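Participant: Sequence first, predicted model second:
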Amino acid sequence: MAIEISRSDVNEATVFLETLLTQNIPNGRFSQGTALRDLTINALAFIFAQLRKDNKSVQAMQSLLTAQTIATTDPDIDRAVSNAVNAILSNWFITRNAGAFARGLLTIYVSRKQDYLIPGNNRFLFDRSRAYYPDVTDPTITSIINSADLLPVIDADGNVTSYAFQLRVVAARTGVSYNVDPTTWLAGGQFSPFVQKIISTDKFDGGLTLETTSQMIERSETAITVRNLINVRSVSTVLREKFSGIRGLVTIGMGDPEMQRDLKIETASGIDLHVGGHYDIYVDLPRTQTTFQGKLGGLYTRPDNIVNVFRDSSIPNWTLTDVRIGDIIKITDGLPDSPRDYVIREIFLSELRASPNNPFFKATDETATYVDYYIYRPVFGPDIQILPTIGVNTLGETSKRILTSNRLTLPGGAHYQILDVAVIDPDAGDTNISDDDGFVHFTERVPDPPVILGPPDGLQYQVINNDPTTAQSMIQFEELVLPAVYNEKTVRVTYETVVGMGAIHDFTRDRFERVLAGNPLVKAHTPVYLTMEIGYRAKATATALPNETTMNTAVVDLINNFDAEDVIDVSDIIEAIRQADANVGIVFPFTITYRLIVPDGRELEYQTNDIVDLDPSRLQVNPAWTNNQLPNPLALGISDRTVRYRATPSGITFTAQ
């Protein structure tokens, strides 16, 4: 920042020097027109004015209160002010956020069905100034696209014209300018001569520019705090400093009605008590798409790593034994804490599951060792031994891997809306095979066990979260259920998730970062997806047809960036449409349909003609289902603080009337 002096600064310096010299040199003549005045006062006044102004600037730069007021230009542009703010706040270990990288999904069309190798340094150009790279943890890794993952593109005559696959990419630099709109990309197919075109169908998300000086000063009001995860202010400060991609953060702890993880049942009275020590950290992160593939009914490790599964290779079917829920597994030997009792909570064909609140000490199947056990039934009077009736069995195994027929365990992390569920290796002759790609697609998410209805009703699937208190976290244990006839088939699930939650989860659970007495859990907000069909009419004076793509983008951006403290209503959306295109005259009344992805795995539908909220009166109850009520949202941690309203371009449609 340049130090500039004005004529008034020089005049003030002249008066000061004349007074100072006259008082201290009585014999000197410093009046107007004297040589001594010209040699001393007039010459030195410019230097003194400069030093005086410089001193004031230095003093101002030592305070956040005055630093912004002396900027010669915008304080976010003035480099001297920027450097001063950096220096002042560094004394409190506060640094300027560097921004975040935009991410998104590309669809790549190729002319030949084969494997494709995409180097980590392959550049995809949106235009001549914005480049993106494959979104991988190590840029030296080459992404392999298997030919089996290529989807055929079929024209109206049923001919295969090309093949397509999707690839996640990340911006080369930080900044909001990289949050680009859907379009056909300029270049990026240099990894293969068979690339026909590259497009994006959704707007990229997550790009943030370098934090401005004004934003940094505003953030410092709450950032000066202890540097640990001990209270709301410090949690916000530490995580925002560490992870610049966090766009919003809400911490729920003891005493908050949404806190459910610290509830324990008092045995004598049956009352739920909040024992404390837990806090949920809801982080607002950019969304992206991902795909998981596995065998239906396969063996999967629980994402929460809880060891509560019990097996015995000599018992092929537990459901044919006399064992019941509530019976006790008594492990007499084989674990460091044996003998010990474990209550049976679930019974499956090949395994028993004990209470996750009282898990086994370790997984013995990982070390190929066994435990001695027997199962008894506690009753009034002497306990009754059920299995074996006498003595103990010696082939018991404890495990954190589960095996459940017609279920697929999803990996840990946020599970937002499911975009596609497909059996990719169906039996030949299956009447549900799609002519487009040869897969069987399940399109209807239901709250009850799924059944096969066939066209035109669609195929059903169900999602079950075995512990709703850990929903949308890296340890949530969620299973996808398909009709039993597809057991042992390979299932591919494409769904939306959030970017970067794994690193935040690991940081907050690290023993050297968390409070020793604390049990933190990072979660993504509970998502609510809005869809609507909007009718409109152009103005009589319109100079062009309204641009539906521009209006779509405006509505999607409004919803995804809406202030969490405010309430979305129909009038907000109408105003956004009119501002997006001046040729729009009338926006006709419309209904907003929105789907809440409940922490227990269900998806419930609401409708409104005015404000968007979770009022029970707006819930659309389908009499065909038995499990589509939500009597107490707070019991599942759902409130205005923990939900976020979302929209996708495909969910917003326009019709000219």
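Facilitator: Received the coordinates, thanks. Numbering: from 1, shown residues only.
Participant: When you work out contacts or count neighbours from here on, use the C-alpha atoms and nothing else.
Facilitator: Fine.
Participant: so what's I328 bridging to?
Facilitator: V343, Y376 (DSSP bridges).
Participant: Can you give me every residue that contacts it?
Facilitator: 341-344, 375-378 (Cα atoms under 8 Å, 6 or more residues apart in numbering).
Participant: what's the closest residue in space to I433 that isn't next to it in sequence sitting at in phi/psi?
Facilitator: The shortest distance from I433 to any non-neighbouring residue, by Cα to Cα, 6 or more residues apart in numbering, is to V440 (4.6 Å). Main-chain torsions, V440, degrees, to the nearest 10: phi -100, psi 120.
Participant: hang on, isn't V440 packed against A422?
Facilitator: Yes. Between V440 and A422 there is a contact under Cα atoms under 8 Å: 5.3 Å.
Participant: Could you name every residue contacting both of these two?
Facilitator: With Cα under 8 Å, 6+ apart, V440 and A422 have no common neighbours.
Participant: Would you map the strands across the stretch 1-150 of the chain?
Facilitator: Applying DSSP state E, counting those that start in this stretch to the stretch 1-150 of the chain gives strands spanning 101-110, 116-118, 124-125, 131-134, 143-145.
Participant: Does the first one pack against any helices or strands, and if so which?
Facilitator: In other words, strand 101-110. Using 3 or more Cα pairs under 8 Å, 6 or more residues apart in numbering; DSSP states H and E, the elements in contact with strand 101-110 are strand 160-174, strand 195-200, strand 287-295.
Participant: give me that answer again for 10 Å
Facilitator: Secondary-structure packing of strand 101-110 (3 or more Cα pairs under 10 Å, 6 or more residues apart in numbering; DSSP states H and E): strand 131-134, strand 151-154, strand 160-174, strand 183-184, strand 195-200, strand 287-295.
Participant: Next: the fourth one.
Facilitator: Strand 131-134 makes packing contacts with strand 101-110, strand 124-125, strand 160-174 when contacts are defined by 3+ Cα pairs under 10 Å, 6+ apart.
Participant: and it, which residues are buried?
Facilitator: 131-134 (16 or more other Cα atoms under 10 Å).
Participant: strands paired with it, and their directions?
Facilitator: According to DSSP bridges, strand 131-134 has these partners: strand 124-125 (antiparallel), strand 160-174 (antiparallel).
Participant: want to throw those into TSV with distance to L516, mean pLDDT and mean neighbour count?
Facilitator: Shown next, in TSV, are these (distance: least, Cα to Cα, whole Å; pLDDT from 0 to 100; neighbours: other Cα atoms under 10 Å):
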stretch	distance to L516	mean pLDDT	mean neighbour count
strand 124-125	45	96	20
strand 160-174	35	91	19
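Participant: wait, which of the ones you listed is closest to A45?
Facilitator: strand 160-174 (48.2 Å; Cα to Cα).
Participant: Output that closest one as PDB, nothing but the C-alphas.
Facilitator: C-alpha atoms of strand 160-174 as PDB (Å, rounded to 0.1, in the frame of the first residue of the first chain):
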ATOM      1  CA  VAL A 160     -25.300 -49.600 -30.700                       C
ATOM      2  CA  THR A 161     -23.700 -46.400 -31.700                       C
ATOM      3  CA  SER A 162     -21.100 -46.000 -29.000                       C
ATOM      4  CA  TYR A 163     -20.300 -46.900 -25.400                       C
ATOM      5  CA  ALA A 164     -20.100 -44.700 -22.400                       C
ATOM      6  CA  PHE A 165     -18.400 -44.600 -19.000                       C
ATOM      7  CA  GLN A 166     -18.200 -42.100 -16.200                       C
ATOM      8  CA  LEU A 167     -15.100 -40.600 -14.500                       C
ATOM      9  CA  ARG A 168     -14.700 -38.300 -11.600                       C
ATOM     10  CA  VAL A 169     -12.300 -35.400 -12.100                       C
ATOM     11  CA  VAL A 170     -11.000 -32.600  -9.900                       C
ATOM     12  CA  ALA A 171     -10.000 -29.000 -10.900                       C
ATOM     13  CA  ALA A 172      -6.300 -28.200 -11.500                       C
ATOM     14  CA  ARG A 173      -6.700 -25.000  -9.300                       C
ATOM     15  CA  THR A 174      -9.000 -23.800  -6.600                       C
END
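Participant: so that strand versus strand 195-200, what angle?
Facilitator: Between strand 160-174 and strand 195-200, the angle formed by their directions is 50 degrees, by axes from the mean of the first three to the mean of the last three Cα atoms, to 10 degrees.
Participant: ok, and the closest non-adjacent residue to S405?
Facilitator: Nearest non-adjacent residue to S405 (Cα to Cα, 6+ apart): G297, at 4.2 Å.
Participant: pretty sure that neighbour is touching S350, no?
Facilitator: No. Contact criterion Cα atoms under 10 Å: G297 and S350 do not qualify, at 11.2 Å.
Participant: Which positions in stretch 287-297 come out as buried?
Facilitator: 287-290, 293-297.
Participant: For the stretch 551-657 of the chain, give me the ranges with low pLDDT.
Facilitator: In the predicted model, the stretch 551-657 of the chain carries no residue with pLDDT under 70.
Participant: Tell me where it has helices.
Facilitator: For the stretch 551-657 of the chain, the helices defined by DSSP state H, counting those that start in this stretch occupy 570-580.
Participant: all strands of it, in order?
Facilitator: Counting by DSSP E, counting those that start in this stretch, the strands of the stretch 551-657 of the chain are 584-587, 592-597, 603-608, 643-646, 652-656.
Participant: Out of those, which is closest to Y178?
Facilitator: Across the strands of the stretch 551-657 of the chain, closest to Y178 is strand 643-646 (Cα to Cα), at 20.1 Å.
Participant: so what does that closest one touch, helix or strand wise?
Facilitator: strand 526-538, helix 548-560, strand 592-597.
Participant: Show me which residues of that strand are buried.
Facilitator: Neighbour-count burial for strand 643-646 [16+ other Cα under 10 Å]: 643-646.
Participant: same question, stretch 13-32
Facilitator: Under 16+ other Cα under 10 Å, the buried positions of stretch 13-32 are 13-14, 17-18, 21, 30.
Participant: Just the terminal-to-terminal distance for it.
Facilitator: Using Cα to Cα, to the nearest Å, the end-to-end distance of stretch 13-32 comes out at 15 Å.
Participant: what does it contact?
Facilitator: 7-8, 10-11, 35-50, 52 (Cα atoms under 10 Å, 6 or more residues apart in numbering).
Participant: Averaged pLDDT, that stretch. What do you get?
Facilitator: Mean pLDDT, computed over stretch 13-32, is 74.
Participant: How far away from the center of its chain is that stretch?
Facilitator: The chain centroid and the centroid of stretch 13-32 are separated by 71 Å, computed with Cα atoms, centre = their mean, to the nearest Å.
Participant: Next: stretch 479-488.
Facilitator: The answer for stretch 479-488 is 27 Å, by Cα atoms, centre = their mean.
Participant: Which residues does that stretch contact?
Facilitator: Residues outside stretch 479-488 that contact it (Cα under 10 Å, 6+ apart): 294-298, 404-411, 421, 423, 425-427, 440, 442, 448-452, 459-466, 491, 493, 601.
Participant: Only the buried residues of it, if you could.
Facilitator: In stretch 479-488, counting by 16+ other Cα under 10 Å, buried: 479-483, 486-488.
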